[in-house]
Every structure is written in C-alpha cells, then in structure tokens.
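Asks: Quick one: sequence plus predicted model below, questions after.
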Amino acid sequence: IQDERSRQLLASIGIDNVSIVGDTRFDRVGDIRRTAKELPLVEAFAQGKKILIAGSSWPKDEEFITRYFNHNDNIKLILAPHEIHESHLQSIEKLLKRPVIRYTQATIDTVQSYDCLIIDCFGLLSSIYRYGTVAYVGGGFGAGIHNIAEAAVYDIPVIFGPNHRRFKEAHELIACGGGFAIHNGQEFATVADKLLTNPKYLASASKNAGDYISTHAGATKLILKELFGIEE
C-alpha cells in the first residue's frame, strides 16, 4: 500500500498483513525525466528567458493565463492545451496580444522572435516541462487536475486550480512549499508574480518541488523486493 492512512483503513477492518511501499507514479515521472526528449525548437524559443508553461490547459485556465501573459513582457509562455482541435487553437490565438506561433509551424530560425509557443501536437509535454521556470497544470477548474508530478520532477514549482482534493500529491506539494492552489485569475497573478519576480522565493519553491518527488521515489524497488526478492 502507499501510505500510513491506507494501513489504518485496512486495520480498521481487520487486515494487518500489509507493507507500506509508496507510490510507483513517482518512479514513473523520474524515468520520464531521465529519458526526456531533447527539443531543439523549444530550447531555441526559451533562450534562457523566464518561461511559464501551461500544461493540459482548458478554456477556463487559458482565460486568465493569457491575460496575465499579455500584461507581463518579462516572460514567455508555452501553452499546451488539453484539446488541440483547430477551433480551440484559434480561440486561444484570439486571446493573445503578443507574438504567437504554433509548434508545428515554427522553425528553429524563427521561433525565438515569438513570445508564445502553442503546442499543437501530442506527446511532448512531459519533456517540455524541463524548459520551464514555473508550471501551471490545468484541469483544476473542471473534473480535476492533470499530472502535476510530471512538472515538479524538473525542480519547478507548480500552480493548479481548486479541484485537487482527490490528489494526495497536490496537498503534499502545497504543504512543502512546492505547489500552489489558486481559485481565480487574481490569485494566479499573485502567485505567479511572487515566483517570477523573487529569485530567492523561486529557488526555494523549485527545490521544494524537486525534493518532494525525489524523496518519494523508490516504491517500485520495494514492490519487486517484496514480491520476488529482486534487489538492484
């Protein structure tokens, strides 16, 4: 099982032959980081700038993210919407007041002249987070947040919406200072401003996020040892 709370729940119904090993998802995102794709086009876009990455975003997220971006010339935005059909991409582009280009239309020679890069294809987001300064992970104004560990594993703080109650890692990231829950666009702007304008605060939050993921890794090895006696 994953944690002490689960052990207590099982004990309450008379089951006590258990082992606490942790959550294998932390090992999975660690593997993703180790095998992350190098993306020269995204690297050329970033150019050492402060990069806000909005991953798996929905329209509610995009409304206040683009508004914040439009009024903050000191950052660049990588926006990877959850849905990439043409009408949605066009709706995002209409919200943007600064130069924007889609990933599939960009080249390494031209991408650096744009301020926003829209990821209009699948399979890149988990590698793109490596180029971020701060991440916002969408879904928290809908059914529930998407994978925040995918971003935190790269030692970057993660912002997300209010619907995160079912996500243990969200509560624990908030508790350790590596994650931030917001309820509206104004709260997002307040948190983003603090992270993007205060280097010491950003460094601390980034370390907290990365440390949280690394210290929770190892469940896979424990499971293999328990089940099969396999040790690396």
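Replies: Here it is on my side, so go on.

Asks: can you tell me the average pLDDT over stretch 142-151?
Replies: Across stretch 142-151, pLDDT averages out at 96.

Asks: Ignore what I typed, I meant stretch 77-97.
Replies: 98.

Asks: max-length helix in this structure?
Replies: Of all segments of type helix in the chain, defined using DSSP state H, the longest is helix 199-215.

Asks: pLDDT wise, what is Asp31 at?
Replies: 89.

Asks: For it, give its distance to Thr104.
Replies: The gap separating Asp31 from Thr104 is 27 Å, by CB to CB, to the nearest Å. C-beta here means a position set from N, CA and C on the backbone, and glycine is covered the same way.

Asks: who has more neighbours, these two?
Replies: Neighbour totals were compared for Asp31 and Thr104, and Asp31 leads with 13 against 10 (other CB atoms under 10 Å).

Asks: what kind of secondary structure is that one in?
Replies: Following DSSP: H, G, I helix; E, B strand; the rest coil, Asp31 is assigned to helix.

Asks: Equivalent analysis for the one 5 residues further on, please.
Replies: Reducing the assignment to helix, strand or coil with three-state DSSP, the entry for Ala36 is coil.

Asks: pLDDT score for the residue nearest to it when sequence neighbours are not counted?
Replies: Nearest residue to Ala36, sequence neighbours excluded (CB to CB, 6 or more residues apart in numbering): Ser127, at 4.2 Å. Per-residue confidence (pLDDT) for Ser127: 96.

Asks: doesn't Leu39 make contact with Ser127?
Replies: Yes: counting by CB atoms under 8 Å, Leu39 is a contact partner of Ser127 at 6.0 Å.

Asks: which other residues reach stretch 84-104?
Replies: 41-42, 59, 62-63, 66-67, 69-70, 73, 79, 81, 110-111, 113-122, 124 (CB atoms under 8 Å, 6 or more residues apart in numbering).

Asks: Go ahead and produce CSV holding the CA coordinates of that stretch.
Replies: C-alpha atoms of stretch 84-104 as CSV (Å, rounded to 0.1, in the frame of the first residue of the first chain):
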residue,chain,number,x,y,z
ILE,A,84,-5.8,20.8,-29.9
HIS,A,85,-8.6,20.8,-32.5
GLU,A,86,-8.5,23.8,-34.8
SER,A,87,-11.4,25.8,-33.3
HIS,A,88,-9.8,25.7,-29.9
LEU,A,89,-6.4,26.7,-31.1
GLN,A,90,-8.0,29.7,-32.9
SER,A,91,-9.8,30.7,-29.8
ILE,A,92,-6.5,30.7,-27.8
GLU,A,93,-4.8,32.8,-30.5
LYS,A,94,-7.6,35.4,-30.3
LEU,A,95,-6.9,35.8,-26.6
LEU,A,96,-3.2,36.5,-27.2
LYS,A,97,-1.9,40.1,-27.7
ARG,A,98,1.8,39.2,-28.1
PRO,A,99,3.5,37.3,-31.0
VAL,A,100,2.4,33.7,-31.0
ILE,A,101,3.2,30.7,-33.2
ARG,A,102,2.2,27.1,-33.2
TYR,A,103,4.9,24.4,-32.7
THR,A,104,4.1,22.7,-36.0
